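**Student:** need coordinates for the following:
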Amino acid sequence: MKSKISEHESATTKITAKRVVLWTFGGLLALIVFASAGLMLTFTAAKLKTPAVEVGELPPASPPVGMSVSILPTGAYQSRAALAFRGGSWSDIRQFTMTALLVRHPKGNLLIDTGAGRNVDIHVKIMPAMMRATTDYTKAIPAVIQLAAGGISLRDLAAVIPTHAHWDHISGVDDLPGVPVLVTAEGKAFIDSKKEGTEVINSIPNVNYKQYTFDGGPYLGFPRSHDVWGDGSVVIVPAPGHTPDSVVVFVNLPSGTRYAMIGDLTFQLEGLEIPAEKPWMLRHLIGENNEEVHKDIALIRTITQKYPQVHPIPAHDVSAFRSIPVFPASTR
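**Tutor:** Coordinates of the predicted model:
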């Protein structure tokens, strides 16, 4: 009798154990399904609610007659629109350009970003594994080679102004030894922190950092500014949302046309036009400051709506660069 009871208890225990395993597996499966569904929802279309902002009057600018701008495309990498802004299509494959902007100015030529340099293959290899695995890039002619072919040498460059220190904006710094790279104290602190995203800039030897301060007053709603040449032609403002060192660079031409080089505040123009933020996963991996990004998107949107002569240029949107000639051609 005791043996039969023991056998019955053993069978009951096994059944109970199986049920626990099944319930646990079912719970984990349900959790994975719900988590996956929740993650996919963060890629669905959602219009960003931006705060109300004031941008004030259009600041005066006196760009010299000889000032002009050109673009130097240095390569691109493929990414789906769904990874650029909420509501983008997974089937819409975009070419994320890596482009430098050359500003020719009588007081000194400037490069805003450098794009991919001659050593970009090496630079990509030192990036975090996830970034390497998701980066499918194509190379064009590095900016330094394009400049040399057009008669501009390193000594003809007054400085590089990075919109921020990520690899696809500063790889070409490796080709420009001795050329000053303009950064703020906050920007240099971010680079020196060696946080994810700064691997490439920290691998480049003997970068000639030249620190500047936001010594000017408010500019189109941004709290501080730095006028590079003192004539209103190139004005930098802080925009530390995408990364702590991110800036927006306003370039104002003799013709009255103005550009706002917004870096990676948005990856594509839809981010401003809809407006729509980047999907949560991207923002989380990058470590963006959402509040700052929302405020700066609101500022750029308001600026360009109030002053249509200001054209926003997300650093990776091919279509945004189409109005600017490719070097050695230029526009004033």
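**Student:** so who does Glu186 touch?
**Tutor:** By C-beta atoms under 8 Å, 6 or more residues apart in numbering, the contact set of Glu186 is 238, 240, 244-245. C-betas here are computed from N, CA, C, even on glycine.
**Student:** which among the residues you listed gets closest to Asn208?
**Tutor:** Nearest to Asn208 among those is Asp245, at 16.6 Å by C-beta to C-beta.
**Student:** quick one: secondary structure of the residue lying closest to the closest one once chain neighbours are set aside?
**Tutor:** Closest residue to Asp245 apart from its sequence neighbours, by C-beta to C-beta, 6 or more residues apart in numbering: Gly187 at 3.4 Å. The three-state label given to Gly187 by DSSP: H, G, I helix; E, B strand; the rest coil is helix.
**Student:** and Gly187, how far from Asn208?
**Tutor:** Note on Gly187: its distance to Asn208, by C-beta to C-beta, to the nearest Å, is 14 Å.
**Student:** more neighbours: those two, which one.
**Tutor:** Shown here are Gly187 and Asn208; by other C-beta atoms under 10 Å, Gly187 has more neighbours (24 against 13).
**Student:** name the element the spatially closest residue to Leu220 that is not a sequence neighbour belongs to?
**Tutor:** Using C-beta to C-beta, 6+ apart and skipping the chain neighbours, the partner closest in space to Leu220 is Val55 (4.7 Å). Using DSSP states H and E, Val55 is not contained in any helix or strand.
**Student:** again with Phe250
**Tutor:** Element membership of Phe250, judged by DSSP H and E, is strand 247-252.
**Student:** what's the burial count for the residue nearest to Leu220?
**Tutor:** Using other C-beta under 10 Å, the number of residues around Val55 comes to 21.
**Student:** hmm, Ala76 and Thr138 touching each other?
**Tutor:** Yes - at 5.7 Å, Thr138 and Ala76 qualify as touching, with contact defined as C-beta atoms under 8 Å.
**Student:** pLDDT score assigned to the residue nearest in space to the middle of the chain?
**Tutor:** By C-alpha atoms, centre = their mean, the chain has its centre lying nearest to Asp264, at 2.3 Å. Looking at Asp264, its pLDDT stands at 98.
**Student:** that one contacts Thr163, correct?
**Tutor:** Yes - under the criterion of C-beta under 8 Å, Asp264 makes contact with Thr163 at 7.2 Å.
**Student:** quickly list what's touching both of the two.
**Tutor:** With contacts taken as C-beta under 8 Å, 6+ apart, the residues that reach both Asp264 and Thr163 are 169, 246, 315.
**Student:** count of neighbours near the last one?
**Tutor:** By the criterion of other C-beta under 10 Å, Ala315 has 28 neighbours.
**Student:** ok, it - contacts?
**Tutor:** Here Ala315 is in contact with 97, 99, 113, 163, 169, 261-264 (C-beta under 8 Å, 6+ apart).
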